[in-house]
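Colleague: need a structure here:
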Amino acid sequence: MTGRISSLIDSVLKGKTDNTFFQLIRYTFVGGLAFLVDFGTLYLLTEFIHLHYLLSAGIAFILGLLTNYLLSIRWVFTTRSVRNKKIEFLIFAIIGLAGLGLNELFLWIFTSLLGIYYLLSKILTAILVYLWNFFVRKFILFNI
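Modeller: The predicted structure follows:
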């Protein structure tokens, strides 16, 4: 039994995989780290630099996007639809910019319209944008 569990963990965490479920698990780890970069930057810029939360959110999102891209191409998605890395990053970034638009929209709706504290709004928003980013990137960029 422990041999099976160890093998499953190795399949999920090590080597190349085209298994969408395993990629989703990996993307969750990558997304979690990118979220920490995003969330931490949002907090620091808003609370200590005193930038408006929407400006802070935009800057933070871009830093999270870069973190996500670098880790995604190295560990999550091993099959690439686009061979040109500049074009691939451009498409990745365009999808990320659409995610940024969704991020800003949902953050504004949850915070300004619904009156939810901006950090809680960010958590709710991150879940929605995470799902958008994974599935769009998976099927446009990293699916053959």
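Colleague: Check the secondary structure at Val129 for me.
Modeller: helix (DSSP: H, G, I helix; E, B strand; the rest coil).
Colleague: got a list of what the spatially most central residue of the chain touches?
Modeller: Closest to where the C-alpha atoms of the chain average out (Cα atoms, centre = their mean) is Gly31, at 4.2 Å. Contacts were defined as Cβ atoms under 8 Å, 6 or more residues apart in numbering; by that measure Gly31 touches 68, 130, 133-134. Where you see a C-beta, it was placed from the backbone N, CA and C, and this is true even at glycine.
Colleague: That one sits in which helix or strand?
Modeller: Secondary-structure element containing Gly31, defined by DSSP states H and E: helix 20-47.
Colleague: Averaged pLDDT, that helix. What do you get?
Modeller: Helix 20-47 shows an average pLDDT of 92 in the prediction.
Colleague: can you check stretch 112-122 too?
Modeller: 95.
Colleague: Over to stretch 137-144?
Modeller: In the prediction, stretch 137-144 has an average pLDDT of 80.
Colleague: what's next to that stretch, contact-wise?
Modeller: So stretch 137-144 is in contact with 20, 23, 72, 76-82, 88, 91-92, 95, going by Cβ under 8 Å, 6+ apart.
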